[in-house]
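In: predicted model and sequence below, questions to follow.
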Amino acid sequence: MEDPLLTSLPVELILKIFSLLDWRTLLICREVCKFFCLIVEGERAQYEIELAVSGMMDGPPSLLTTSDRLALLKERNAAWESLKWVESQDIPMMGGHIWELYGDVFAQSSTPDVLHFRQLPSKYRKIEEKTWGVALDIHVRDFTMDPAQDLLVLIEQSTSLIRIHLRSLATGDRHRLAPQPAILQNARATYTLQVCDNLLGILFLSPEDADPELTIWNWTTGKVILTRFSSEIATFAFLSSRFLLVGSARVYVFDMTQPSSEKFGLGVGYFCAFLWPEFDFWTSPVTFSIRSDPSPTWQPNPEARPPFSTAPGDRLFIITVCLVNNGRISSYDMFIPAETLLSHIETLPTEVVSHEIKWDEWGPTGTRLMRSLSQSSPWVCYVFGTKFVSLVEPTHTSPQTLEIRDFNKLAMKRDAKAGDRIIDHVRDTTVIRKVFAKEIHTSLPYRVIKRTLPPRPSTEPFFAAVMCSEDSLILVDSSHRHLRILTF
């Protein structure tokens with residue numbers, strides 16, 4: 001029965017109220033009465049639902065109407081679901097040997113003190129291509145960036161020390177929020193960098209016997225948030241603005257809301273740990289890595305002003321472990337939605353410290369563990385949002401096939417309800433034998449999208465790897481000297 005008080009309200013007011021509701025509440029409202037159903041079936045509500053199912057968020061106001069945005073979003077989704085890009089462009093790799101891909105900005109060096117940036121275009125999100133260069137006053141050994149914050153993090157190698165500099169991505173000048181002097185110096189030789197809003201994490205590694213050291217600090221103040229050292233530390237990633245993942249033979253979770261500048265071992269003060277299944281007696285893990293893009297506080301570049309962008313909540317983590325089993329080396333990928341980890345963390349009381357979550361509690365239905373499709377590669381930007389991209393047949397003779405594994409749960413639910421594309425869904429169980437102490441079964445569902453690349457003329461490069469950004473797939477040739485950008 002319709003509530004006369006509600007239905008007597010002006011439609012404009014009801015639309016305003018509905019515009020503040022999330023997509024789940026909108027679907028509930030649709031079942032209340034015919035009047036509400038008609039409103040929910042309107043363009044604004046349908047746009048909100050389409051955003052949620054797509055793992056996207058609305059963009060800033062512009063001349064594009066809700067109808068325009070809904071149409072563009074549906075066209076974009078259809079293009080990705082069929083891997084029908086609208087443009088292909090080849091660009092050369094420069095001679096500087098360092099590069100980075102974040103969001104839709106690709107950067108590379110031509111010399112140790114010059115970086116070149118390319119804003120990748122998008123037809124469906126109305127983003128124009130833009131290129132610019134930055135000449136620096138230091139020799140850069142490595143870097144990372146965050147276009148939304150106009151942030152460029154540079155590693156300078158100076159004799160036996162490295163220095164971290166915080167610069168403007170647009171100009172190369174000191175970032176307006178950067179403290180002085182340079183916020184960190186360290187004698188370690190190698191490192192990995194990650195940015196999450198005002199947090200900057202660096203994992204320092206040494207070729208000597210010194211244990212790896214992980215430091216997280218607020219880059220706007222220089223205040224250290226957390227420092228851990230241990231031979232177990234192999235990799236790290238930001239799960240959220242509060243929680244940090246540190247990977248090894250178990251996945252440690254640290255709460256960053258309780259900062260400390262003291263150095264501790266890895267086993268001290270962690271919030272919880274997700275345990276791997278027990279390895280077989282003859283199996284030894286050699287390396288671990290965690291990949292996830294974009295960061296949990298991701299925001300699009302404000303200058304681009306896209307109509308919609310990837311929402312920061314829907315993210316996929318991929319833990320890759322390289323194993324030695326009876327003298328043979330093999331590699332496995334574990335696909336883990338952020339939701340799997342956070343749903344377990346959120347059930348723990350805040351006073352709990354060092355709680356261990358056993359594999360059988362979180363792994364079998366919340367993850368998918370599979371043999372890696374390819375060998376280790378420096379082109380590690382193979383995940384964005386809930387998508388994982390790979391080349392199925394990276395050989396010189398076979399036709400090369402692009403494959404996307406998409407772990408978007410809501411999109412699969414909608415497909416199933418509509419009876420659409422369910423042939424592409426994988427819902428069976430993956431069984432891993434002879435690596436762990438017992439058979440490992442995982443069944444996190446995903447959908448597969450494939451497209452075979454056209455046959456290559458003899459003059460065309462063989463593609464050895466593929467990367468994924470918000471609006472592009474980027475093919476890397478076998479000589480690492482050219483990139484082919486496929487634009488959506």
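Out: Everything's here; your move. Residues are numbered from 1 along each chain as shown.

In: I'd like to know how far the residue nearest the centre of the chain sits from residue 314.
Out: The residue lying closest to the centre of the chain (Cα atoms, centre = their mean) is residue 293, at 1.5 Å. Distance of residue 293 to residue 314, given as Cβ to Cβ, to the nearest Å: 12 Å. (Glycine included, C-beta is placed from N, CA and C.)

In: and for these two, which residues touch both?
Out: Overlap between the contact sets of residue 293 and residue 314, as judged by Cβ atoms under 8 Å, 6 or more residues apart in numbering, is given by residue 385.

In: circling back: just the pLDDT for the residue nearest to the centre of the chain.
Out: Residue 293 is assigned a predicted lDDT (pLDDT) of 94.

In: would it count as being in a helix?
Out: No. Looking at residue 293 with DSSP: H, G, I helix; E, B strand; the rest coil, it is coil, so not inside a helix.

In: mind checking the end-to-end distance for stretch 18-35?
Out: End-to-end span of stretch 18-35 (Cα to Cα, to the nearest Å): 13 Å.

In: buried residues in that stretch?
Out: 18, 23, 26, 29, 30 (16 or more other Cβ atoms under 10 Å).

In: then stretch 432-450?
Out: 432, 435, 436, 440, 442, 444, 446, 447, 449.

In: spatially, which two of those residues are the most separated?
Out: Largest separation among the buried residues of stretch 432-450 by Cβ to Cβ: 436 and 449, giving 29.9 Å.

In: residues contacting the residue nearest to the residue nearest to the centre of the chain when sequence neighbours are not counted?
Out: Nearest non-adjacent residue to residue 293, counting by Cβ to Cβ, 6 or more residues apart in numbering: residue 384, 5.1 Å away. Residue 384 sits next to 293, 294, 310, 468, 469, 470 when contact means Cβ under 8 Å, 6+ apart.

In: same deal with residue 279?
Out: 249, 285, 323, 435, 436, 437.

In: could you dump the residues you listed into TSV and include distance to residue 457 and secondary structure?
Out: Listed next are the contacts of residue 279 as TSV, based on distance: Cβ to Cβ, whole Å; DSSP: H, G, I helix; E, B strand; the rest coil:
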residue	distance to residue 457	secondary structure
249	47	coil
285	43	strand
323	39	strand
435	41	coil
436	45	strand
437	50	coil
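
In: which one of those residues sits closest to residue 348?
Out: Using Cβ to Cβ, those come closest to residue 348 at residue 249, 21.1 Å.

In: circling back: ok, so of the contacts of residue 279, who is nearest residue 41?
Out: residue 436 (49.4 Å).

In: identify the bridge partners of the closest one.
Out: For residue 436, the beta-bridge partners are residue 279 (DSSP bridges).

In: one more: the one 5 residues further on?
Out: Using DSSP bridges, the beta-bridge partners of residue 441 come out as residue 431.

In: the helices in the protein, which residues?
Out: 4-7, 11-19, 23-30, 34-40, 43-54, 66-82, 338-345, 359-366, 409-418 (DSSP state H).

In: what's the most buried one of those helices?
Out: helix 43-54 (a mean of 20; mean count of other Cβ atoms under 10 Å).

In: contacts for that helix next, please.
Out: Here helix 43-54 has contacts from 15, 18-19, 21-24, 26-27, 39-40, 57-58, 66-67, 69-70, 73-74, 77, 308, 311, 408, 410-411, 414, using Cβ under 8 Å, 6+ apart.

In: same question for stretch 306-325, mean pLDDT?
Out: On average, stretch 306-325 scores 93.

In: how distant is it from the center of its chain?
Out: 4 Å (Cα atoms, centre = their mean, to the nearest Å).

In: go on, stretch 336-350?
Out: 18 Å.

In: and what of stretch 26-34?
Out: 34 Å.

In: span of that stretch from start to end?
Out: 13 Å.

In: before we move on, what about stretch 22-37?
Out: 15 Å.

In: low-confidence stretches in the stretch 51-200 of the chain?
Out: 159, 181-189 (pLDDT under 70).

In: again, but for the stretch 201-350 of the chain
Out: 207-208.

In: show me the strands in it, by range?
Out: 213-218, 223-229, 235-238, 243-247, 250-255, 263-265, 272-275, 283-291, 308-310, 316-325, 328-337 (DSSP state E, counting those that start in this stretch).

In: tell me who's in contact with residue 466.
Out: Counting by Cβ under 8 Å, 6+ apart, residue 466 makes contact with 379, 382, 389, 390, 391, 402, 473, 474, 475, 476.

In: with adjacent residues omitted, what lies nearest to residue 399?
Out: The nearest residue in space to residue 399 (Cβ to Cβ, 6+ apart) is residue 452, at 5.2 Å.

In: residues touching the nearest residue to residue 127 once chain neighbours are set aside, list them.
Out: Computed as Cβ to Cβ, 6+ apart, the closest residue to residue 127 that is not its neighbour in sequence is residue 304, at 5.0 Å. Residues near residue 304 by Cβ under 8 Å, 6+ apart: 104, 119, 125, 127.

In: how much space between residue 366 and residue 252?
Out: 18 Å.

In: and residue 239, by the same measure?
Out: 11 Å.

In: so what sits against both of those two?
Out: residue 245.

In: and the residue lying closest to residue 248 once chain neighbours are set aside, what is it in contact with?
Out: Computed as Cβ to Cβ, 6+ apart, the closest residue to residue 248 that is not its neighbour in sequence is residue 232, at 4.1 Å. With contacts defined as Cβ under 8 Å, 6+ apart, residue 232 is in contact with 248, 249, 266.

In: again, 10 Å this time
Out: The neighbours of residue 232, taking Cβ atoms under 10 Å, 6 or more residues apart in numbering as the test, are 211, 212, 246, 247, 248, 249, 250, 252, 265, 266, 267, 288.

In: can you get me a residue count around the third one?
Out: Close neighbours of residue 246, defined as other Cβ atoms under 10 Å, add up to 26.

In: list the contacts for the closest residue to it other than its chain neighbours?
Out: Once flanking residues are discounted, residue 246 sits nearest to residue 252: 4.3 Å by Cβ to Cβ, 6+ apart. Residue 252 makes contact with 228, 230, 232-233, 236, 244-246, 266-267, 270-274, 354, according to Cβ under 10 Å, 6+ apart.
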